[in-house]
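Colleague: Below: sequence and its predicted model.
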Amino acid sequence: MHPTLHTKFCDQVGVQYPIVQTGMGWVATSSLVAGTANAGGLGILASAVMDMEELRSEVAEIKRLTNKPFAVNMRADATDIEERVDFLIEQGVKVASFAQAPKQKIIERCKSAGVFVMPSIGARRHAEKVLDWGVDAVLVQGGEGGGHTGSVPTSILLPDVIDAVAGKIPVIAAGGFFNGRGLVAALAYGADGIAMGTRFLLTKDSTVPDVIKQFYLQQNVQGTVVSTQVDGVPHRVLRTELVEFLESGRGRLLALPRAALNALKFRKMTGTPMGDMLREGLEMRKALDLTFAQMLMAANTPMLLKATMIDGNIDAGVMASGQVVGVIKDLPTCDELIQRIVDEAETALKELGA
């Protein structure tokens, strides 16, 4: 392998390639995480939609499927975050991934136990803040990425964040990556690796129903939209009839009642006490500066995603997606995907004379 493709991030987390599979709710389960790990990348388990019993079960299954390092993604504002962190430490999980910046005491707890801390960020100021708090790396997602996203494209946000951290910690680039040329481009900017969500969702190791995968594969590069009607904050999703209905304004009167019902369904499914759910909602509202209506819509999101990613219901659900969906045309295994990316990156480096 070309030495450029082995970065300091690889050594720090113990992986062969600087390629990360992101922690997508309902998608990044044990099968996908282990498939990524066995292929030489870093798989991230999406635990935010799991209760503690499910988290324990999924971590045990990952360990059964692989002996390679992996990560667990958590919501930094979860009411049981300390219990989850203690569990990761107990299980010897290599990397703690956070959807938002965790509190400094959580970072310190992880680092004191040798757990690598990598939050996701979307702005230079966020990188500067968590750098001061002592994180080990940051995953920065540009506006091309799926799910909750900002408006600044990766080509502008990534170098800005890299300049901000000034080589003190690794930066993993997300938003718009799907092949080896993208990996080389990210490394040229100064990143230490790339993270991909949609590209890993569309693999054979992903447990997403085939009918949903085929719907993704049918999309073109105009097949996504950034909507605030799904959960109150910018969210890049596929253009479905439900999303178009919400975006048109005709569905907005129904949004809050539907959100309330789905939030109650999610509470019942996970066994989350109402008091805990309200506390989590208030923490989210404070952290993201949401209105009460937006907070309620955000609580609705897990069930809308589950309807597609688990139940296979195109009409009733929401499908988070990066813009790269329009250029993805196949369903390789994680091993085939990662080897393809590495081969393409080596070819690109040779052509550049690097």
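Modeller: Everything's here; your move.
Colleague: just the helices in the stretch 251-354 of the chain please.
Modeller: All helices of the stretch 251-354 of the chain, identified by DSSP state H, counting those that start in this stretch, fall at 252-270, 274-288, 292-309, 334-352.
Colleague: what about Asp210, neighbour count?
Modeller: By the measure other CB atoms under 10 Å, the count of residues near Asp210 is 11. The way it works is simple: take the backbone N, C-alpha and C, and place the C-beta from them, glycine included.
Colleague: what are the phi and psi angles of it?
Modeller: phi -60, psi -30 (degrees, to the nearest 10).
Colleague: domain parsing for this structure?
Modeller: Using automatic domain parsing, the domain parsing of the chain gives 3-207+330-352, 224-320.
Colleague: hmm, back to that, out of the helices of the stretch 251-354 of the chain, which gets the lowest mean score?
Modeller: Sorting those by mean pLDDT places helix 252-270 lowest, at a mean of 52.
Colleague: so Ser206 makes contact with Tyr216?
Modeller: No - assessed by CB atoms under 8 Å, Ser206 is found out of contact with Tyr216, at 10.3 Å.
Colleague: hmm, back to that, would you mind finding the most buried of the domains of the chain?
Modeller: Mean neighbour count (mean count of other CB atoms under 10 Å) peaks for domain 3-207+330-352 among the domains of the chain, with a mean of 21.
Colleague: chain center to it, what's the gap?
Modeller: 7 Å (CA atoms, centre = their mean, to the nearest Å).
Colleague: Same check on stretch 234-251?
Modeller: 21 Å.
Colleague: what mean pLDDT does it have?
Modeller: Mean pLDDT, computed over stretch 234-251, is 80.
Colleague: Restrict it to CA atoms and write it as CSV.
Modeller: Taking C-alpha atoms only, stretch 234-251 is exported to CSV below (Å, rounded to 0.1, in the frame of the first residue of the first chain):
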residue,chain,number,x,y,z
PRO,A,234,-31.7,21.1,8.4
HIS,A,235,-31.8,17.4,7.4
ARG,A,236,-30.6,16.1,4.0
VAL,A,237,-33.0,13.3,2.9
LEU,A,238,-34.2,11.7,-0.3
ARG,A,239,-37.0,13.3,-2.2
THR,A,240,-39.9,11.1,-1.4
GLU,A,241,-43.7,11.8,-1.6
LEU,A,242,-43.8,12.3,2.2
VAL,A,243,-40.9,14.8,2.1
GLU,A,244,-42.3,16.7,-0.9
PHE,A,245,-45.7,16.8,0.9
LEU,A,246,-44.0,18.3,4.0
GLU,A,247,-42.0,20.7,2.0
SER,A,248,-45.0,22.0,0.1
GLY,A,249,-46.6,23.3,3.3
ARG,A,250,-49.6,21.1,3.0
GLY,A,251,-48.3,18.7,5.6
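Colleague: Residue numbering should commence at 681 henceforth.
Modeller: New numbering, starting at 681: the last item is stretch 914-931.
Colleague: For it, give me every contacting residue.
Modeller: Under the criterion CB atoms under 8 Å, 6 or more residues apart in numbering, residues 823, 825-831, 895-896, 899, 902-910, 932, 935, 981, 994-1003, 1005 lie in contact with stretch 914-931.
Colleague: Strands - which of these land there?
Modeller: 827-828, 904-907 (DSSP state E).
Colleague: how about the closest residue to Ile990 other than its chain neighbours, what does it touch?
Modeller: Among residues not flanking Ile990 along the chain, Trp706 sits closest, at 5.4 Å (CB to CB, 6 or more residues apart in numbering). By CB under 8 Å, 6+ apart, the contact list for Trp706 reads 726, 729, 982, 985-986, 989-990.
Colleague: swap in Gly847?
Modeller: Contact partners of Gly847, counting by CB under 8 Å, 6+ apart, are Gly870.
Colleague: Equivalent analysis for Asn718, please.
Modeller: If a contact means CB under 8 Å, 6+ apart, then Asn718 has 745-746, 748, 1014-1015 as its contacts.
Colleague: And it, how far from Lys748?
Modeller: Asn718 sits 6 Å away from Lys748, taking CB to CB, to the nearest Å as the criterion.
Colleague: Equivalent analysis for Asp885, please.
Modeller: Taken as CB to CB, the span from Asp885 to Lys748 is 14 Å.
Colleague: rewinding a little: any idea which of the ones in strands among the contacts of stretch 914-931 is closest to Val810?
Modeller: Proximity of these to Val810 (CB to CB) peaks at His828, which lies at 17.1 Å.
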